[in-house]
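Colleague: Task: produce atomic coordinates for the following.
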Amino acid sequence: MGWGTAANVTTVHLDQATDDPSQARVELYNALIELTAVINGRNTANGVPGLSASSKITASQLPNTIVSDSSTDLALQPATTRVTIEDIVNLNPRTVSELNALTSVEGDVAYCSNGASGQKCLAVYTGSAWKQVTLGSTIST
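Modeller: Numbers count the residues shown, from 1 in each chain. Presented below is the predicted three-dimensional model:
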């Protein structure tokens, strides 16, 4: 079940004191059908996600991929000013040419496949150029 459709709710026979209640029956019925669709549309495809007891969207209702509008960056703006990622962040490898072709903003971070004299490195945009952060030794215990 999907979400309700406003176009299915009309008030032609409901908006005047002189309207005939018998003619309003179909409009009232259709409005209740749409209200039922809204109620039943929780946690369904084309519906809305429900909230947990702590007013959070449950993990099962979150999408695996979030894609922003083609002309808009995806912004996360927590009130605490900190985004916490509990596991691993994976940066899509980019070449020096690809990074230089981007419209970058100071503070951008990227994984560069050939930015340290042809070697892999992290890169940070300073507002005027991408700067390499050379990778060190292999991790060990």
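Colleague: Going by C-alpha atoms from here, please, whenever you check contacts or count neighbours.
Modeller: Fine.
Colleague: After the helix or strand bottoming out on mean pLDDT in the chain, which helix or strand is next?
Modeller: Least confident helix or strand of the chain, by mean pLDDT, DSSP states H and E, is helix 21-40 with a mean of 92. On the C-terminal side of helix 21-40, the nearest following helix or strand under DSSP states H and E is helix 96-101.
Colleague: tell me the contacts of the most far-flung residue of the chain relative to its centre?
Modeller: Computed with Cα atoms, centre = their mean, the residue of the chain farthest from its C-alpha average is T18, at 47.6 Å. By Cα atoms under 8 Å, 6 or more residues apart in numbering, no residues touch T18.
Colleague: domains of the chain?
Modeller: 1-58, 83-141 (automatic domain parsing).
Colleague: Same list as before, these that is, but in CSV and with distance to L74 included.
Modeller: CSV is the format used below for the domains of the chain (distance: least, Cα to Cα, whole Å):
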stretch, distance to L74
domain 1-58, 19
domain 83-141, 13
